[in-house]
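A.B. asks: got a predicted model here, sequence first, then my questions.
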Amino acid sequence: MVDIDSLSLTEQLVLLGLVKAEQDGATPVESISLKNRTIEVLEACDSEAVGTLSEREVMRALSSLGTKPYLKEYISDTSATGKGRPQYALDCSPEDVLNEMTTNDRLTDVVEIM
């Protein structure tokens, strides 16, 4: 079960971005692609309290979520510079995330269309 009460709104939006990537069969996903998916989610909700998300904010949210049992991180060894770029996927079912998100009034509209 996902407990969203302990998550910031940004972390919740990033989780929904991961749900979207999972639904699209695009996981694991790199942070820049996840940022774009999260912005799509953000545009579909009541977002005046959040504004826009930077890649730094998405990375901070991923770091925080990585300490919880919500996501898996994969390191790719195929980058052009020889450094692995992390990729992310849910470590729980998308349905569990969506079910828990229905309790957040600001995200209800997004969850309904996902």
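C.D. replies: It's in.

A.B. asks: hey, let's count contacts and neighbours off CA atoms from now on
C.D. replies: Fine.

A.B. asks: let me see the backbone angles for Q87.
C.D. replies: Dihedral pair for Q87: phi -130, psi 160, per degrees, to the nearest 10.

A.B. asks: please name the residues that touch it.
C.D. replies: Residues near Q87 by Cα atoms under 8 Å, 6 or more residues apart in numbering: 27-31, 73-76.

A.B. asks: hmm, which of those residues are the buried ones?
C.D. replies: Neighbour counting by 16 or more other Cα atoms under 10 Å classes 27-31, 73 among the contacts of Q87 as buried.

A.B. asks: circling back: out of the contacts of Q87, name the ones that lie in helices.
C.D. replies: Mapping the contacts of Q87 onto helices (DSSP state H) picks out S31.

A.B. asks: out of the contacts of Q87, the closest to E57 would be?
C.D. replies: For the contacts of Q87, the residue nearest E57 by Cα to Cα is S31; the value is 10.5 Å.

A.B. asks: was I right about that closest one contacting E57?
C.D. replies: No - counting by Cα atoms under 8 Å, S31 does not reach E57; the two are 10.5 Å apart.

A.B. asks: helices of the protein, start to end?
C.D. replies: In the chain, the helices defined using DSSP H lie at 9-23, 31-43, 55-65, 94-101, 108-113.

A.B. asks: re the thing from before, need the contacts of Q87 in CSV (columns: distance to V97).
C.D. replies: As requested, these are exported to CSV (distance: Cα to Cα, whole Å):
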residue, distance to V97
T27, 16
P28, 17
V29, 17
E30, 20
S31, 19
E73, 17
Y74, 20
I75, 24
S76, 26
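
A.B. asks: how many residues are close by G25?
C.D. replies: Residues lying near G25 (other Cα atoms under 10 Å) number 10.
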